Each structure stands twice: as C-alpha cells, then as structure tokens.
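Provided below for reference: sequence and predicted model.
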Amino acid sequence: MAEGAWLIGMAAALAFSVSAACAAYAEKFIGTAAIGAMAEKEELFGKGLVLTVIPETIVIFGLVVAILIIGLAAA
Amino acid sequence: MLKPESMSKIFLVGPKTKLPAVVAKLHELKVLHVVDHIKGELDIGEPLAIAEKLSALLVEVRTYKSHLEAKAKKFRKEPLNSGQIEARLSEISKEYREITEKQKAIEQELPGIGEDLRLLGILNSLHLDPDSLSGFRTITSFVGFFKPDQKFRQRLDAITKKYTIHTAPFEAREAVSLFVEKEKTEEVFRLLKGYGFSELNLQKLSGFKGDVKDSIKKLNGRIEKLAEANENLSRKLEKLKSASANFLLNAEEFLATESEKAMAPLRFAQTKQAFVIKGWVPKKKLHMTVEEIEASTGSKVYIAEQEIGHNDKVPIILKNPVLAKPFEFFIDLYTLPDYREIDPTFFVFLWFPIFFGYMLGDVGYGIVCLLLFYYVKKKMPSGKALINAMMICSVSTIFFGFLFGEYMGYEGTTAAIGNALHSIGIPMQKVVAEGSVSYLFPHIISRVHGEMMVAGYTLPSVIVIAAILGIIHLNFGFVLGFFNVLKHHGLKDAILEKFSWIMLEISVALLVLGSKVHLPSKYIAPGLAVLSLLMIVAGEGVKGAVELPGLVGNIFSYFRLGAIGIASVGLAVIVNEQLAGPMFASGNIILILVAMVIMVLGHAINIGIGILGGALQTLRLHYVEFFSKFYTGGGKKYSPFGLKEGEEA
C-alpha cells in the first residue's frame, strides 16, 4: 500500500457511508409510519420495529463491500 | 416449554337466578377467558339489576376522587359495601359542599372590599370623609382624576369664583376634589370633560359614615377576618382530603370491580330463563373450576367441555422454565404464537444472550451492565421481565469478555502489571514490539486484531464467526419451520417448503468449496442445487423463488454481530488509548483528573450505545431473520375474567 492507499480508504468509506445514509433515508419513512400506527394501536411495536429495521441490511451490504475493498487493497 | 399451556374450551349453562353467583365465583377464580357472545340465535345478556346504581355511585366516587385529589398508589384495604359507600359519600359531599360554598362566598366578597378600599384611599388622600360629599343644597362635588393646569384655573375662575379645589397624587395619577356652586354644575362639568376628567363612582360608599380612616381600618379588619376564615376552610378541606382519600380509593376499586361483575352478562348469551357463558380455561385448572362453580351454585349450572375447533382462536399462556421466562417479553412484544405452533421463547432464550454478549463482549462492561440492571430492577419492579432477560445477557457479555480477553476495552497491559499477573498464574501472553514489552490478556479470539482468510480474502475473525453463527441460527429456524409445517400439513409440504432451503445451502456450500471436497461425481453439487430450487418453487411457488436472494441477505445480516462488536471495542480503545492514555502518561494531576472524567463518560456512553444497539440488533435478527423461517404468531393473550390490569394471570 503506497500512494494509492488513501483512494482505497475513501472508496471503502464511501461504500459504507453512502449505504448507511440510504438506509437511514429509507428508515425515516417507515419509522414515521410505524410510530403513527403505534399511536393508534400500541401492540404494533414489534411489527413496527421489524418493518423499520428492514432497510438496515443495506448498511450490512455496504460493510461487506467496504471489507472487500480493503481486502483488495491488501492483495 | 415449546408449546403454550393446554387450554380447555368450556361452556356454562344455567338458570338466570344463578347468574349473580356464577359471575361472582368466576370473578373470584380469575380463570375463565370469556369469549364475548355475538348476537345470533341467542340474545346478548342484560346487566344485573344493581349495575345502574353501581355505575352512578362510581361516577360520584370518581368525581370526589378528583375534587379531593385522592391518588395514592397504595392504600389500606377496607371491607366495604355499597350501602356504606353511599352513606359515607353523602357525608363527604355535604362537608365538601359546605366548605366550597363558604370559600366561594369569601371569594365573591373580597373584590368588592378591595374596590371600596381603593375609593376610600382616594378620599383619604384628599382628606375627605365619605359622608361629606353629598347632602348639600347649594354645592356640587366632583371627585376624580385629571390634571388641572394654570389655564384650567383661569377658565374655572371665568365661570365662577365660588369653588374649592384639592389635588393629591394617587397611584401615579392626580386625584382631584372640586366643590362648586350648584348653579354652575353643567358648565363646570363641560370644562372638566375637556380635560379628560374621569369621575369616581362614589355611590358605592354611601354606606360608610364618619371618619374615612375608621372606615379603612374597619375594612382591613374585615379582609383579615376573611383571610383567616379562608385559611380555616383550606385546613378543613385538607383534613377532609386526608380523611377521605383511603375511603375513596377503596370505594373506587370496590365499585369498579362490582360494576364489572354487574356488566359481565353483556358478554354472555341469554334466553328468557337461562344464560350461556363460553370461554377458555387452562386445562390443569378445569377440574378445580368445575368443582368450585358447582359448589357455589348447588350443581344447578351445567358445565361441559367442547372439542377445540380448527378455527378457534385459543387464548395463549406461554409456559417456559424459570430462566427462559423473562424472554417471553420479546415474544409478547412481537406477537404471541398461535396455539398450534412452536413457542419460540426457549430458542430466543438460547440465542439472545449469545448474540448480545457477542456484540458487547467485555468483562468490565458485563459487570457494569449486571450491576446497572440489578439497580434498575430494585427501582422499577414493573419492568422485571425485560431486566431479568438483560441480566442474563450481561452474564453472557462477561463470558464473551473472557473469550475476547477484553476488560473495559483493554486487551493488554503494561510489562509491570502483566508480570505480576503472570506470576500469580494467569496465562498472560507476552508481546515484544519495537523493543518494549507488554502483555495481552488471555483470549481465544481477538476482536480488534483477529483475522481469517476466507476464499482468498482477509476478513476480521469476528465477522466470519458471526456469519457462521448466522448460518446456524437460520438453519435452526428452518428446522423449527420444518416441524411446524410437518405438524400442520404433513411431511411432503415440510420437505418441500423448509428442508429444500437447507438442501440448497448444502449444495451452494459444495459448489463454493468445489475441488476441496471429493464427491463421487462432479454433477452431485449442481444437481442438488437444481433439485432444491425445484423443490422450493414446488413448495412455496413463485414467492419462494423471489425469496432466494433474501437468503444471502439474511446471512449477511448477521455480519452486524461482528461489526457492532468491532465498533464497540473500537470506541473503548479510543477512549482508553487515544484520549485518556496520553493524559495519564503526562503525570500532570489536572490532566489525570480530566482523563478520569473522560474514561467514565466515554465508557458510560459506549455501554449505553452497546446495550441499546446490542438489544435492538439482536431483537431484529430474531424478528426478521429467525422468525421469518418458521413463525406465524397472531395468538391472543389469555386474559381471564376478573383479572385486573397489570396483574399476572
């Protein structure tokens, strides 16, 4: 790893942060709706939580890609 | 364990005359989950005759409860009956009305006195007595506010010479009294109007005779007396409040219970002469219930058990061993299992602490969490289930802390401490880097430095292990799903819908490993894959095919176990080594104090994030990834007639 290292670092950071931002953006809408539903019917907390966290997997994909990018750099 | 409590579906039929006795007994037993009757061939029952009276009393008790601010959480229980309540309530209401009426009278009198006092004050400043202003034949008096200037006097002089004028400052204004001869009244009045004169209404003071100072004194005396009376009344009210609080709370509870009983027939079916009650009783309490009801009605009520129908919504009581019991909370939070499916509580109990501990994994953090939850449990007995579950998770955190060799974020220690620990038999690992010696705590996996090679990639070991845990967890879910489907739809469906997925995973694993495993034929792995795909489509249709990529996502989802763990230890290391470490090393006493504050705050924040994140992520892995493999839920909670809110069945 020499002079290109920072580029690889940036690539990994972008992969992770952009996917995290996107997941947050998606969760915003679901979370709002889930809270709305909960206000009507409190038992919906469990279901609301499940629906809200579904986009979170996007972050994990971002993480995987970031790890792979760093792995590429090591190779 | 694994199955909800067995329930019996029963119905009770009896003559209406026995209804009050049956209702009272059922309310006392708290075992029957009543199925509300829907009007069909049979009518809905009518409330007991006493219901109306009870409701009216309840409304009154609640009114006084709010007037008299009776809201103690705990109260002394007293035996009561509605007659007593009525009598005592009328006493209370009489006393309350007396007090409030007097208070109201005082409140109404006070503003009037204030007004009079003000007027008298003005007269006093002008040195006039209230009865010296009227009763003249040739003089008119004006008393009020305005600012007479030099010009006013000239103009007044022009109208008449027969006048006296006095001014005195009052409340930052000029109070004026002016006496003029009666004949010029109108002219003077016009003049005054031009000067913005506002006349005082002294009619109100007609009742006051004699010296103005005496009148003021008299009124002040009256105010004092009223204030004293008011204070007495307030004290009386306080006394009434404290004397009646216990009674009101008791009465409310009694009446609420009684009116619940009186209204209960609305949930039953009736004919002209008889009533029918349908409901559910835990199987083990059936015998006792029948005996008790027969004893209290002289066997005049017929009780029979019915077979549970396929579409019956059976109320659910979860049944689990003591240690797993707290985890019922998470099932309740999501949705209770259907009566006929596996209750996953026990599996949540097995997996939840592992995942949580794997993420937080630090001996120090585990101990802090344990103490914290112990403290919270003492303070908030209502959240007992959740706290107990979290305490089990804390123990698991300590266990994983030993596994990872992490103690408040420290993975190792200095040469001196390390040597000392080594000499008392702790297998410290000596590290020599750039000539300096340090020691690492004994560990099996290092979360920060541990790495593994997978298919040519270097990955953090915790993430690889997380994925392996995930694969086990998911397949555990598939196996449970297999048994659920087996029970409901038979072996063929179970294999097609659930076993096919496990087969698919095996075939994919074989394909990935490729040359490393020696199979009799190179067609086995691809063949198995195609077969399992066909089975999935046959079992679940197009939906199954659509879900295929989801499986990869599911497994990736478990990466979070490792990722959050690394983030947690990363934050701890930053607090210890980047922020506090250099300050400790500086030897400056102020910097060392600052470093201590940073340590406490930093770790407190990290533990807070760790608990919240750890619990939520673990919950998510269960709800989304694990449960989707086998769990339907939708069960209705068992809530027997007579059970109060917040009471355990």
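Right, received. Where do you want to start? Numbers count the residues shown, from 1 in each chain, chains lettered A, B, ... in the order given.

What score does the residue in the stretch 151-300 of chain B that chain A sits nearest to have for pLDDT?
Closest contact between the stretch 151-300 of chain B and chain A, by Cβ to the nearest Cβ, is at residue B:280 (19.8 Å). Every C-beta, even on glycine, is put in place using the N, C-alpha and C of the backbone. pLDDT for residue B:280: 93.

now it, what's its secondary structure?
strand (DSSP: H, G, I helix; E, B strand; the rest coil).

from memory it sits against residue B:9, does it?
Yes: the criterion here is Cβ atoms under 8 Å, and residue B:280 meets it with residue B:9 at 5.9 Å.

which one of those two has more residues nearby?
residue B:280 (26 against 18; other Cβ atoms under 10 Å in any protein chain shown).

how about the residues of chain B that lie near chain A?
B:333-335, B:456-460, B:463, B:553, B:556-557, B:559-560, B:563, B:616, B:619-620, B:623-624 (Cβ under 8 Å from any Cβ of the partner chain).

So which of the residues you listed are in helices?
The helices, defined by DSSP state H, take in B:333-334, B:463, B:553, B:556-557, B:559-560, B:563, B:616, B:619-620 from these.

Spatially nearest residue to whichever residue of chain B sits closest to chain A (excluding sequence neighbours)?
Chain B approaches chain A most closely through residue B:334 (3.4 Å), counting by Cβ to the nearest Cβ. The shortest distance from residue B:334 to any non-neighbouring residue, by Cβ to Cβ, 6 or more residues apart in numbering or on different chains, is to residue A:46 (3.4 Å).

now do residue B:42
Of all residues not flanking residue B:42 in the chain, residue B:269 sits nearest, at 3.9 Å (Cβ to Cβ, 6+ apart).

Now do the strands in chain A.
When assigned using DSSP state E, chain A turns out to have no strands.

Spell out which residues of it are next to chain B.
A:45-47, A:49-50, A:53-54, A:56-57, A:60-61, A:63-64, A:67-68, A:71, A:74-75.

Could you identify the buried members of those?
Those of the residues of chain A next to chain B that meet the buried threshold are A:46-47, A:49-50, A:53-54, A:56-57, A:60-61, A:63-64, A:67, A:71, by 16 or more other Cβ atoms under 10 Å in any protein chain shown.

so which of these comes closest to residue B:86?
Here the nearest of those to residue B:86, counting by Cβ to Cβ, is residue A:46; it sits at 46.2 Å.

Looks like that closest one contacts residue B:333 (just checking).
Yes: Residue A:46 is within contact range of residue B:333, at 4.6 Å (criterion: Cβ under 8 Å).

Backbone dihedrals for residue B:455, please?
Here is the backbone geometry of residue B:455 (degrees, to the nearest 10): phi 50, psi 40.

The closest residue to it other than its chain neighbours: neighbour count?
Leaving out its chain neighbours, the residue that sits closest to residue B:455 by Cβ to Cβ, 6+ apart is residue B:512, at 7.4 Å. Neighbourhood size, residue B:512 [other Cβ under 10 Å]: 11.

any idea whether residue B:512 is helix, strand or coil?
helix.

Check what pLDDT it gets.
For residue B:512, pLDDT reads 80.

What values do phi and psi take at residue B:309?
The phi/psi pair for residue B:309 (degrees, to the nearest 10) is phi -80, psi 170.

cool, residue B:316 as well?
phi -110, psi 130.

ok, it - contacts?
Each residue near residue B:316 by Cβ atoms under 8 Å, 6 or more residues apart in numbering or on different chains is listed here: B:4-5, B:336-339, B:635-638.

6 Å instead, please
Applying Cβ atoms under 6 Å, 6 or more residues apart in numbering or on different chains to residue B:316 gives the contacts B:4, B:336, B:635, B:638.

Quick check: nearest residue in space to it, chain neighbours excluded?
residue B:635 (3.9 Å).

Quick check: that neighbour touching residue B:334?
No: between residue B:635 and residue B:334 there is no contact under Cβ atoms under 6 Å: 10.8 Å.
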